[in-house]
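S.K.: sharing a model prediction with you, sequence too.
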Amino acid sequence: MPRSHDLHIPPADTDALEDPALLRRLLRAKDRIDAASHEAWPVRRLADVSGVSEAHFARSFKRAFGLPPHRYLLTRRIEQATALLRDTDLGITDIAFATGWESLGTFGRIFRDITGLSPGEMRGQARANQSGLDRVPACVLKAAQRPDLTIAVLEKRRRAAGDTVEPSTREES
């Protein structure tokens with residue numbers, strides 16, 4: 001496997017979308033996340049898949065796809081968990097571990113933060129609304145139910161709590 005110093009890497013100010021080779025490497029990492037979202041995907045592992053440094057990977061991934069790698073992974077895990085809650089009779093604990101969570105508590109907390117519902121509430125709501133969704137193509141349904149992770153979970157909690165104090169850092173899109 002080539003190392004990052006063996007590959008042509010454009011200067012840091014070059015947009016990821018302007019370098020086709022870098023974009024292909026970023027897509028390779030994104031495809032790996034999509035294929036195995038239940039696995040651990042630290043930035044180091046994704047950078048190795050892409051053949052670039054960790055910092056360059058994280059910046060470029062966010063520029064190319066609009067989300068940092070960790071949030072993209074969370075999106076995929078929540079999508080998968082939602083589908084399993086809707087379409088199977090697996091227990092919530094089994095779903096949490098099958099989708100890559102190491103703790104049921106963390107799964108439940110983040111699931112609620114992102115979707116606004118607990119996993120059990122999501123299952124009940126999905127099953128109550130199931131009758132009309134049989135005719136909707138799965139790809140359309142998945143896109144419509146994709147969780148919104150354009151802002152951090154902690155920022156969502158701060159807004160929900162009605163905090164008036166501005167955060168000390170601001171996330172740039």
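M.R.: Cool, the structure landed.
S.K.: so where's this structure shaky on pLDDT?
M.R.: For the chain, applying pLDDT under 70 flags the ranges 1-17, 130-135, 138, 141-159, 162-173.
S.K.: who touches the longest helix that it contains?
M.R.: Longest helix in the chain, counting residues (DSSP state H): helix 69-87. Contact with helix 69-87 is made by 29-30, 33-34, 37-38, 41, 43, 46, 57-58, 61-62, 65, 67, 90, 92, 95-96, 98-101, 107, 110-111, 114-115, 119, 122-123, 126-127, 130, 142, 145-147, 149, 152, as judged by C-beta atoms under 8 Å, 6 or more residues apart in numbering. For glycine as for every other residue, the C-beta is placed from the backbone atoms N, C-alpha and C.
S.K.: what helices or strands is the strand or helix carrying Gly108 leaning on?
M.R.: Here Gly108, judged by DSSP states H and E, is contained in helix 104-115. The contact analysis (3 or more C-beta pairs under 8 Å, 6 or more residues apart in numbering; DSSP states H and E) places helix 104-115 against helix 69-87, helix 92-98, helix 119-128, helix 153-160.
S.K.: tell me the buried residues in the longest one?
M.R.: The one in question is helix 69-87. Judged by neighbour count (16 or more other C-beta atoms under 10 Å), helix 69-87 contains these buried residues: 69-86.
S.K.: quick one, that helix and helix 119-128 angle?
M.R.: Taking axes from the mean of the first three to the mean of the last three C-alpha atoms, to 10 degrees, one finds helix 69-87 and helix 119-128 inclined to each other by 50 degrees.
S.K.: could you dump helix 69-87 to CSV, C-alpha only?
M.R.: Output in CSV follows, covering the C-alpha atoms of helix 69-87 (Å, rounded to 0.1, in the frame of the first residue of the first chain):
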residue,chain,number,x,y,z
PRO,A,69,-16.1,11.7,9.3
HIS,A,70,-17.4,10.9,12.8
ARG,A,71,-20.8,12.5,12.1
TYR,A,72,-21.0,10.7,8.8
LEU,A,73,-20.5,7.4,10.6
LEU,A,74,-23.1,8.3,13.2
THR,A,75,-25.6,9.1,10.4
ARG,A,76,-25.0,5.6,8.9
ARG,A,77,-25.4,3.9,12.3
ILE,A,78,-28.6,5.7,13.1
GLU,A,79,-30.0,4.9,9.6
GLN,A,80,-29.2,1.3,10.0
ALA,A,81,-30.6,1.2,13.6
THR,A,82,-33.8,2.9,12.4
ALA,A,83,-34.2,0.3,9.6
LEU,A,84,-33.7,-2.6,12.0
LEU,A,85,-36.2,-1.1,14.5
ARG,A,86,-38.7,-0.7,11.7
ASP,A,87,-38.2,-3.9,9.8
